[in-house]
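Engineer: sequence and predicted structure, then a few things I'm wondering about:
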Amino acid sequence: MGTPPQLTPQQREAALAKAAAARKRRAEVKAQIKSEELTIESVFDLAQRDEAVGKMRVKELLESFSGVGKVRAIALMERLNISPTRRIQGLGRHQVNELRLEFMKPDMATKPGRLIVLSGPGGVGKSTVAKQLRNAEDFWVSVSATTRKPRSNEVDGRDYFFVSDEEFSRMIAHDEFLEWAEFAGNRYGTPQRAVENALRQGRNVLLEIEIAGAKQVKAHLPQSILVFLEPPTWEELVSRLEGRGTDGAERRAQRLELAQEELAAAAFFDVVLVNDQVESVVQRLVELARN
Ligand code: 5GP
């Protein structure tokens with residue numbers, strides 16, 4: 001490090017005044033966080049425009065949230081690999097994302113919704129259940145992005161956002177997914193923002209996704225409820241997969257093999273439901289969200 005620059009008395013005075021103004025600004029922001037006028041999201045936005053906020057230490061930011069003491073702030077920073085002296089402007093995009101998820105706040109006075117993740121082997125009937133839930137009160141069913149080509153009965157924006165491989169890679173690079181996974185040669189991902197917004201507005205959210213993705217969601221959001229949908233019998237699953245006119249023979253065989261592996265994952269889930277009747281599964285999911 002070189003020697004500090006020699007300042008004239010006027011320059012020194014100006015620098016001190018600037019530092020005092022920055023401290024005052026940070027104190028204001030911290031008070032606004034404490035009183036819940038500012039969310040972590042809005043602080044990150046501010047930090048891009050306001051140098052004083054950008055230079056706030058992450059530790060100070062975290063400790064400003066009610067319920068977060070020194071111990072929790074340090075533990076959180078260790079978990080996210082944030083060095084103790086890091087300032088907001090020095091955070092990586094991934095760390096910003098993790099912090100946003102950690103402090104996801106409901107809108108004022110709105111109880112946040114529940115996040116239910118419905119998973120299970122391909123062909124078990126998850127999408128039929130999800131379709132029915134779209135009409136349920138207070139439920140919002142997430143629409144995933146996929147690189148798979150649309151089937152004849154599918155509508156872009158309703159069943160999936162059908163995107164190119166390049167677009168999917170761009171979305172990964174911009175941290176736009178809550179989770180994503182590869183399944184049977186295609187990529188599938190849950191757009192993060194829309195899920196967060198729905199939860200914040202107090203809506204219950206359903207993700208209908210495969211198992212690796214479900215595990216990622218649980219790791220990010222431990223409060224989510226993982227539901228595993230099982231077929232009544234293995235034979236039933238085989239006949240459903242065989243009967244899928246939308247897939248070719250090779251793809252069906254591939255899916256059967258995958259389904260066998262997937263069935264073994266049930267133990268990881270919070271709740272296991274047998275899909276003997278779609279209506280009763282829907283009912284159970286609505287009850288889970290209420291409790
Ligand atoms: P399909 O191609 O039959 O519509 O879906 C194949 C598998 O991908 C299903 O098990 C479905 O639940 C899963 N899937 C759909 N959307 C997503 C997603 O956003 N993320 C993950 N991980 N899996 C998904």
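Structural biologist: Here it is on my side, so go on. No experiment lies behind these values; they were computed from the predicted model shown. Numbering: from 1, shown residues only.
Engineer: so what's K126 up against?
Structural biologist: L118, S119, G120, E208, L229 (CB atoms under 8 Å, 6 or more residues apart in numbering). For every residue, glycine as well, the C-beta is placed using N, CA and C.
Engineer: among those residues, who's most crowded?
Structural biologist: Across the contacts of K126, neighbour numbers were computed from other CB atoms under 10 Å; G120 holds the maximum, 29 neighbours.
Engineer: in space, what's closest to that one - neighbours in sequence excluded?
Structural biologist: Among residues not flanking G120 along the chain, L229 sits closest, at 3.6 Å (CB to CB, 6 or more residues apart in numbering).
Engineer: could you point out the helix or strand that follows the strand or helix carrying that neighbour?
Structural biologist: Taking DSSP states H and E as the definition, L229 sits inside strand 225-230. Note on strand 225-230: by DSSP H and E, the next helix or strand toward the C-terminus is helix 234-242.
Engineer: mean confidence score for the next helix or strand after that next one?
Structural biologist: Tracing the chain past helix 234-242, the next element assigned as helix or strand by DSSP H and E is helix 249-263. Mean per-residue pLDDT for helix 249-263: 84.
Engineer: tell me the contacts of the residue lying closest to L46 once chain neighbours are set aside?
Structural biologist: The spatial neighbour of L46 that comes closest, neighbours along the chain excluded (CB to CB, 6+ apart), is V53 at 4.6 Å. By CB under 8 Å, 6+ apart, V53 lies in contact with R25, R26, V29, V43, L46, A47, I88.
Engineer: circling back to that earlier point, least confident pick among the contacts of K126?
Structural biologist: For the contacts of K126, the model is least confident at G120; its pLDDT is 92.
Engineer: so who does L288 touch?
Structural biologist: R114, I116, I225, V227, V271.
Engineer: which among these count as buried?
Structural biologist: Neighbour counting by 16 or more other CB atoms under 10 Å classes R114, I116, I225, V227 among these as buried.
Engineer: out of the residues you listed, which is nearest to the ligand?
Structural biologist: For those, the residue nearest the ligand by CB to the nearest ligand atom is V227; the value is 12.1 Å.
Engineer: please report how far that closest one lies from V155.
Structural biologist: Here the criterion is CB to CB, to the nearest Å. By it, V227 lies 25 Å from V155.
Engineer: no more questions from me, cheers.
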